[in-house]
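Peer 1: I would like the atomic coordinates for the input below:
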Amino acid sequence: MKTVLTIAFVIFSLQLCFAQTVAPNDEYVQYIYNSETNSKELSYNYSNKWDFDGDKRNDSLFFIGNGGAHTYFYLRIILSSDGRRRDFRSIHIDMPYFVSREELIKWGKNPGIQFIVSDFDDDGVSDIYLNFNNPFGHIPANWKNNGIKTKYVVLSFKKRKEIVKDYVWTK
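Peer 2: Okay, here's the model as predicted:
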């Protein structure tokens, strides 16, 4: 009897180990090559959902995974107006699941709210809110030189130029 229970326990444990879990926003999951790890990593492809440069064509937005046991993702954007790849490798988030601006207003600096697309500056073009306030994300030097002081930012593009501002918290 003890042997049967042990075998049952081992089989059950293996089933748990190999069980597939469904990630949030799993319809956007894709395995994309990461040149830093030299392998394909769990990533999120949100391409063709939003227009970030105002040319009336949706752009490409990815979060590329680092392949760790606790995966962090960096942001990649390709604007349709110039086709240039922009990798933001110092901005690491671990939950690249888009939520609404209302969730940000409701929850504030909650670490679970890390990625939002909305028109934050009311110019008719989508902007990107990023909360990378974690031990692995850091403010790029060029952003610091332009006055960025926090890891809560809004990223916009005007005439293909990157515009970054600290997110202004309102109640």
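Peer 1: can you list the residue ranges for strands in the protein?
Peer 2: Along the chain, counting by DSSP state E, strands occupy 29-34, 39-45, 60-65, 73-78, 85-93, 115-118, 127-131, 152-158, 161-166.
Peer 1: of these, which is nearest residue 100?
Peer 2: strand 115-118 (7.0 Å; CB to CB). Yep, even glycine has a C-beta here, placed from its N, CA and C like the rest.
Peer 1: elements contacting that closest one?
Peer 2: Using 3 or more CB pairs under 8 Å, 6 or more residues apart in numbering; DSSP states H and E as the contact criterion, the elements in contact with strand 115-118 are helix 101-107, strand 127-131.
Peer 1: tell me which of those sits most buried.
Peer 2: Comparing the helices and strands packed on strand 115-118 by mean neighbour count (mean count of other CB atoms under 10 Å), strand 127-131 comes out on top with a mean of 22.
Peer 1: need the pLDDT of the most centrally placed residue in the chain.
Peer 2: A centroid search over the chain (CA atoms, centre = their mean) returns residue 96, at 3.3 Å, as the residue closest to the centre. For residue 96, the model assigns a pLDDT of 92.
Peer 1: could you do residue 25 as well?
Peer 2: Residue 25 is assigned 77 on the pLDDT scale.
Peer 1: quick one: it from residue 79, how far?
Peer 2: Per CB to CB, to the nearest Å, residue 25 is found 22 Å from residue 79.
Peer 1: higher neighbour count, those two?
Peer 2: Each of residue 25 and residue 79 has its neighbours counted (other CB atoms under 10 Å); residue 79 has more, 21 against 15.
Peer 1: who's in contact with that one?
Peer 2: Each residue near residue 79 by CB atoms under 8 Å, 6 or more residues apart in numbering is listed here: 52, 53, 55, 59, 86, 157, 160.
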